[in-house]
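# A predicted structure for the sequence below; I have some questions about it.
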Amino acid sequence: MNRKVLWAINIIVLGLLAISITISYRYLNPSETLMLSCSSELFDRRDNAEAEGRHYLLVDIMAKKQQAQINYRYFNLDGTSAGIIRMQGKYLEFDEANGRYNFSVQTKEESGAESTDAMPRHMQYLSYISSFNLDSKGMHNLSIEPLELDPHRDYAVVLFQPSNTVCGCRIVQ
Amino acid sequence: MQLGDCRFDRHAGVLTNELTGEAWHLPRAELQVLSLLLANSDKVVAKRVLGAGDDEHPPLSDSSVARAVFMLRSFLGPLHEHMIETVKGKGYRLRLDSGVPSSVHPADNALASGEPHGLGERIEAVLAWLFGKRHRWIKAWIGLIVMLLGALVSLQLFSSVSFERQPTEPYLRHSITLESGQKVMFISYAKSKTNNTSLLRLSEKMSQAFKRCESSPWKEVYMSLSHDKQVFNITMRGEKLGQSLVRNLKLTDYRQQKVFISEAWFKEVSLCE
């Protein structure tokens, strides 16, 4: 019996260690994968109606394991590129309590627009906010919360925070 | 001869653990020590006597006797090792009645010997080992490790458990009915509960614009103003000819007096289609 007791203790200790390691691994390596593609029509409102800008925007969001990439591609109505913002960073976690995917953007690349004035207003806005956060805090944190999710029809209405932006997206994965 | 969980065959010089089936052909020192202790059970036997030589074998040193006792105790196991007692300065004593009752014994003599044959007695035997005086430090460490691991696992399970999801609540939700009887739901999200006049006004403007539609493919209209109120976001969800539709409109207005949406804009984006 003594050996059985020792074996039982060994198995309990090993079992607890295995559970602990498994949970730690799950916590450190988020298993949720997110791939979204969002298309938007952009309107730059100005006093002079003729000078108002019209663009469209494609946002690709990819989060897998601990990597995250968010690309904003801006286009003129004729299909020519109006600018690109590429963000890369960490996929921190899937917050199950609030149903949020949390990201921390660490690097950003901007291309395509010759100057800030030539950018679509939305791009100017996003460029300013992300640069402000990256310059001041070294990171641009954001979260995506699905408000309405229909995997059968491959779409999700999501809420971006802290910008408080609602957006309908196609679920790629 | 039964010694705890082990059976000793004196003639063959074999000690057999009846739980594991492990058999140990005792070397000379261990065989001599155990035989002498059994012959003098419940009596103190001096090391010198235990290690005495004969015509064929030289005497055993005190350290050889001590080592033999150690090996015998190890084989008897933690539950029964204290059957061999050390009497300081005098020698060793084998107590046949001091061991925790054997775990496995033939049924016919189990009752007579008072040894465990039921679950209750087995549990008692385990408890006797767990709370006995032997190996207190080892048991304390094992207990501490198990408690720490248990606490760690509980903490992680508690932190990873799926609580009831608490999604962000919309700031405002209202619906209108179009002429065709179709309902359109307007759902607005605000960053805070303060200074949302602009959002309320825009939401009202949107519902007024939709009211002019006889019908519309859009069933739900999500709206939000960015945290700095520079961007007005509209997401429309609906169906047309059985197809699922989503449309996103983002209006950026840097002016101090923000307008975002106007009659001209409503015509431009054709909300009713």
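Yep, that arrived. Small disclaimer: the values here were computed from a predicted structure and weren't measured. Residues are numbered from 1 along each chain as shown, chains lettered A, B, ... in the order given.
# Contact residues of the stretch 51-200 of chain B facing chain A?
Neighbours of chain A within the stretch 51-200 of chain B, by Cβ under 8 Å from any Cβ of the partner chain: B:77-80, B:103, B:122, B:125-126, B:129-130, B:142, B:145-146, B:149-150, B:152-153, B:156-157, B:159-160, B:162-163, B:165-168, B:189-191. No exception for glycine: its C-beta is placed from N, CA and C like everyone else's.
# which among these end up buried?
Buried subset of those (neighbour count, 16 or more other Cβ atoms under 10 Å in any protein chain shown): B:77-80, B:103, B:122, B:125-126, B:129, B:142, B:149, B:152-153, B:156, B:168, B:189-191.
# Return the subset of the residues you listed lying in strands.
residue B:189 (DSSP state E).
# list the contacts for the residue positioned nearest the centre of chain B?
With distances taken as Cα atoms, centre = their mean, the residue of chain B nearest its centroid is residue B:153 (4.3 Å). Neighbouring residues of residue B:153 by Cβ atoms under 8 Å, 6 or more residues apart in numbering or on different chains: A:16, A:19, A:20, A:23.
# in what helix or strand does residue A:56 lie?
In this assignment (DSSP states H and E), residue A:56 forms part of strand A:53-64.
# nope, residue A:90 is what I was after
Counting by DSSP H and E, residue A:90 is found in strand A:81-95.
# Tell me which other helices or strands that strand touches.
strand A:53-64, strand A:67-76, strand A:100-111, helix A:121-137, strand A:140-150 (3 or more Cβ pairs under 8 Å, 6 or more residues apart in numbering or on different chains; DSSP states H and E).
# quick check, the shortest one touching chain B?
Right, strand A:67-76. No. Figure legend: strand A:67-76 not in contact with chain B (Cβ under 8 Å from any Cβ); closest approach 11.1 Å.
# which of the residues in that strand are buried?
Across strand A:67-76, burial judged by 16+ other Cβ under 10 Å covers A:68, A:69, A:70, A:71, A:72, A:73, A:74, A:75.
# Roughly how far does the closest residue to the fifth one other than its chain neighbours sit from chain B?
Looking back up the chat, that one is residue A:72. Distances taken as Cβ to Cβ, 6 or more residues apart in numbering or on different chains put residue A:85 closest to residue A:72, at 4.2 Å, once the chain neighbours are dropped. Between residue A:85 and chain B the computed distance is 14 Å (Cβ to the nearest Cβ, to the nearest Å).
# Can you give me the neighbour number for residue A:85?
Residue A:85 is flanked by 22 other residues according to other Cβ atoms under 10 Å in any protein chain shown.
# Identify the neighbouring strands of the strand holding residue A:90 in the sheet and state each direction.
The strands beside strand A:81-95 in its sheet (DSSP bridges) come out as strand A:67-76 (antiparallel), strand A:100-111 (antiparallel).
# what distance separates the longest one from the middle of the whole chain?
Meaning strand A:100-111. How far strand A:100-111 lies from its chain's middle: 7 Å, per Cα atoms, centre = their mean, to the nearest Å.
# got the angle for that strand vs strand A:53-64?
120 degrees (axes from the mean of the first three to the mean of the last three Cα atoms, to 10 degrees).
# quick one: buried residues of strand A:100-111?
Residues of strand A:100-111 classed as buried by neighbour count (16+ other Cβ under 10 Å): A:100, A:101, A:102, A:103, A:105, A:108, A:110.
# for the chain, what helix or strand is lowest in average pLDDT?
Picked chain A for this. Using mean pLDDT, DSSP states H and E, the weakest-scoring helix or strand in chain A turns out to be helix A:2-28, at a mean of 75.
# right idea, wrong chain: chain B
Scoring the helices and strands of chain B by mean pLDDT, DSSP H and E places helix B:107-113 at the bottom, with a mean of 42.
# Considering only the contacts of residue B:153, which also neighbour chain B?
By Cβ under 8 Å from any Cβ, the members of these lying near chain B are A:16, A:19, A:20, A:23.
# Please tell me I have it right and the third one contacts residue B:156.
Yes. With contacts defined as Cβ atoms under 8 Å, residue A:20 counts as touching residue B:156 at a distance of 6.5 Å.
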